[in-house]
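Novice: below is the sequence, then the predicted model.
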Amino acid sequence: MSDVSVASPNIEDRRLRIQFWRMMVGFWRGPTARQAWTLTLALLALILIAIAVQYGLNRWNRYFFDALESKDAATASRAVVLFLGICAVAILVAVAQNWTRMTLQAHWRRWTTATLAGLWLKDRHFYQLSIAAPEVDGPEFRMTDDVRIAVDPVVDLGVGLINAALTAAVFAGVLWSVGGAVSLFGFSSPGGFVAAAALYGAANSLLMLSLGKPLISATASKNAAEAQNRFELVRIRENAESIALIGGEEDERRTIETTLGSVLARWGGVIRQQSLVVFIVHGNVMLAPVLPLLIGAPKYLAGEMTLGNLMQLAAAFVQTQVAFNWLVDNFVRLAEWRASAGRVVDLWLTLAAFRRRQDSEERIARVGTEGDAVEMTGLSVSLHNGKVVIRDADASIHPGEKVLIKGASGTGKSTLIRAIAGLWPWGSGRIALPARATLLFQPQKPYIPLGSLRNALLYPTTGVMRDNAEIAAAMTRCGLRSFIGRLDDGDRWDRILSGGQQQRLGFARLLLQRPDIVILDEATSALDEESQQSLMELFRRELSAVTLISVGHRPGLEEFHDRIVELALKSDGAMMVEADPVAEDKRQLRFLARVLRRAARRGGEA
């Protein structure tokens, strides 16, 4: 069994584009195909209409300025009215194009995020991802921010590219047909305006590209420094108590000053590069409208073209420059798209690899049966890289039985109970659970959702109504009586409750939900021995019918279990064996002696 293969952050451009479109083409297929194609074709039609409007405006320049040159007031007046009509159409087309473009982006983003989230949540991949592919960091950011940066620019850049290509073709034709031959230094060149536009655009593009690459690296360096600065600030907030107790404020201040200095130094590099870019951009803004006038002035002065022709050429020249500079204008945005698209593709490929492995490789078979026992048959549990942790385990746990799993560190106790709970798929063999049984897994740190304390107690069955008296009784039994008055308060209960109180809340959940099978993983580690004994007593009284499978190292747990299973570490994987009853009796006697000595000391102090 090999590791999951994921895309490299340095994935080559061609492969990135191929993988990106392999993933994204699904939007134009299946249930969303009709909507996707309708929006796409509507957007293409609006682009064509917008180009036609631009061409009409270019022709209007000739019509209007010829009227001015001939001092034809009536024609000039009609041109003004025509201009208002062209403007109205242009505005409507721009609004329609903007609405269609943004709607397409929104639906495409929704489809992409929903697709990735579906793969992420399917078969508990969200849990397995952190174990088998920890290098694929921040999946939640990849499915939100990175998807937005990867999807939205594709539509914007696609619209811009199509518009640039059509604009270049249409207005190069205008320059060729209207401009005619251009004489320079005694030489006559047919299509001189087209050649001038192409040469000027190429020179401007090469210059911008030479400046754009350093700007991208400078921006990336600055962003990395800012991320480090944010990390330092978050680290201080998360460790505020420890830093305050040992008086580490001065050291932290120096660290922040160092990281902030790095941010400012790298900002200097960005400022220098952007200043050069601004110099070229504004130079182009000033020169591009004037250059065609300078080239065409001799022909106009010689009477070879009208003022309308000259103004039409000037407008067409500017339009071709906008088209020729499309790559330059979008160079930085393309780089940003590449980075985010790579992160999205990484996540998609990794989740797809999980799915392929699940379909093709041997996994632990976790099935529901009509029986009433938990059965493990030929069970081998492996790490995600194929290393066997537990091999050839066979066990049967009957209804209501309480089983404690023990073993040295590294024998795979927590991995085994995660396999029983369905979280750990790597390995082979079979785990059979009663099909109608409800199972509740309680880890060392219970999950506490946002919202009220009531929701936290009832999670994940928050839709089921519970009587206040029943909830209060469970809280009282589990040592949370002081919080009954705050049952409907919405707060960050994961921060308000201590570690021990959170574990008490977990046991209160058991009382309220009463599952058939309970799996505990160090669920009493934050409790003192007296509290542990009180809560574990639940499985002798209120929850006596529950099947209990637990892992724990704390002394005193043995007396609350019917059986103890040891994981004995071997060179080729741990073996599951029943514990020696005599040795367990001795351990229980030693624990009882400690309890009696502690009680005697408390009695003497009283």
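Specialist: Alright, I've got the coordinates.
Novice: mind naming the longest helix for the chain?
Specialist: The residue-count maximum for a helix in the chain (DSSP state H) belongs to helix 73-121.
Novice: packing partners for that helix?
Specialist: Packed against helix 73-121 by the contact rule (3 or more CB pairs under 8 Å, 6 or more residues apart in numbering; DSSP states H and E) you find helix 13-24, helix 33-69, helix 125-132, helix 147-179, helix 331-360. Bear in mind the C-beta positions are built from the backbone N, C-alpha and C, glycine included.
Novice: any idea of the angle the second one forms with helix 147-179?
Specialist: Orientation of helix 33-69 against helix 147-179 (axes from the mean of the first three to the mean of the last three CA atoms, to 10 degrees) gives an angle of 30 degrees.
Novice: got the buried residues for helix 33-69?
Specialist: Counting neighbours by 16 or more other CB atoms under 10 Å, one finds that the buried residues in helix 33-69 are 35-36, 39-40, 42-43, 46-47, 49-51, 53-55, 57-67.
Novice: in the chain, which spans are strands?
Specialist: 182-184, 187-189, 365-369, 374-382, 388-397, 402-407, 427-434, 439-442, 451-452, 490-491, 517-521, 547-551, 563-568, 575-578 (DSSP state E).
Novice: give me the residues contacting the fourth one.
Specialist: Surrounding strand 374-382, the residues in contact under the criterion CB atoms under 8 Å, 6 or more residues apart in numbering are 1, 364, 369, 388-397, 412, 415-416, 419-420, 424, 426-434, 517, 547, 549, 573.
Novice: pull out the buried residues from those.
Specialist: Burial by neighbour count, 16+ other CB under 10 Å: within the contacts of strand 374-382 this picks out 1, 364, 388-391, 393, 395, 397, 412, 415-416, 419-420, 424, 426-429, 431-434, 517, 547, 549, 573.
Novice: where does the stretch 301-450 of the chain dip in pLDDT?
Specialist: For the stretch 301-450 of the chain, the stretches flagged by pLDDT under 70 are 327-329, 331-332, 335-336, 355-362, 385.
Novice: one more time with 90
Specialist: Per-residue confidence of the stretch 301-450 of the chain (counting by pLDDT under 90) places the weak regions at 301-372, 378-395, 405-429, 435-438, 441-450.
Novice: cool, the stretch 451-600 of the chain as well?
Specialist: Going by pLDDT under 90, which is the cut-off in play, the stretch 451-600 of the chain has low-confidence ranges at 451, 455-456, 458-467, 488-492, 494-495, 513, 522, 525-526, 528-530, 551-600.
Novice: can you check the stretch 1-150 of the chain too?
Specialist: For the stretch 1-150 of the chain, residues meeting the criterion pLDDT under 90 lie at 1-27, 29-31, 50-80, 83, 86-87, 90, 109, 111-150.
Novice: these two touch, right, R430 and A365?
Specialist: Yes. Assessed by CB atoms under 8 Å, R430 is found in contact with A365 at 4.7 Å.
Novice: sorry, back to before: export the strands of the chain as TSV, with columns for distance to M536.
Specialist: Formatted as TSV, the entries for those read as follows, by distance: least, CB to CB, whole Å:
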stretch	distance to M536
strand 182-184	95
strand 187-189	95
strand 365-369	27
strand 374-382	20
strand 388-397	18
strand 402-407	9
strand 427-434	23
strand 439-442	12
strand 451-452	28
strand 490-491	29
strand 517-521	9
strand 547-551	9
strand 563-568	14
strand 575-578	21
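Novice: identify whichever of the ones you listed lies nearest to P31.
Specialist: Nearest to P31 among the strands of the chain is strand 365-369; the distance by CB to CB comes to 30.5 Å.
Novice: now for the closest one, which elements pack on it?
Specialist: Packing partners of strand 365-369 (3+ CB pairs under 8 Å, 6+ apart): strand 427-434.
Novice: contacts for the strand it packs on?
Specialist: Counting by CB under 8 Å, 6+ apart, residues outside strand 427-434 touching it are 362-382, 388, 390, 392-393, 399, 419-420, 439, 516-517.
Novice: filter these down to the buried ones.
Specialist: Among the contacts of strand 427-434, the ones that count as buried by 16+ other CB under 10 Å are 363-364, 366, 374-376, 379-382, 388, 390, 393, 419-420, 439, 516-517.
Novice: return the distance of stretch 118-125 from the chain's centre.
Specialist: Here the centre of stretch 118-125 is set off from its chain's centre by 14 Å, with CA atoms, centre = their mean, to the nearest Å.
Novice: could you chop this protein up by domain?
Specialist: 13-358, 365-605 (automatic domain parsing).
Novice: distance to P446 added to the helices and strands packed on helix 73-121, as JSON lines?
Specialist: Below are these laid out as JSON lines (distance: least, CB to CB, whole Å):
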{"stretch": "helix 13-24", "distance to P446": "36"}
{"stretch": "helix 33-69", "distance to P446": "42"}
{"stretch": "helix 125-132", "distance to P446": "16"}
{"stretch": "helix 147-179", "distance to P446": "31"}
{"stretch": "helix 331-360", "distance to P446": "27"}
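Novice: of all the ones you listed, which lies closest to I280?
Specialist: Of all these, helix 331-360 comes closest under CB to CB, at 12.2 Å.
Novice: please report how far R34 lies from V154.
Specialist: With distances defined as CB to CB, to the nearest Å, the gap from R34 to V154 amounts to 20 Å.
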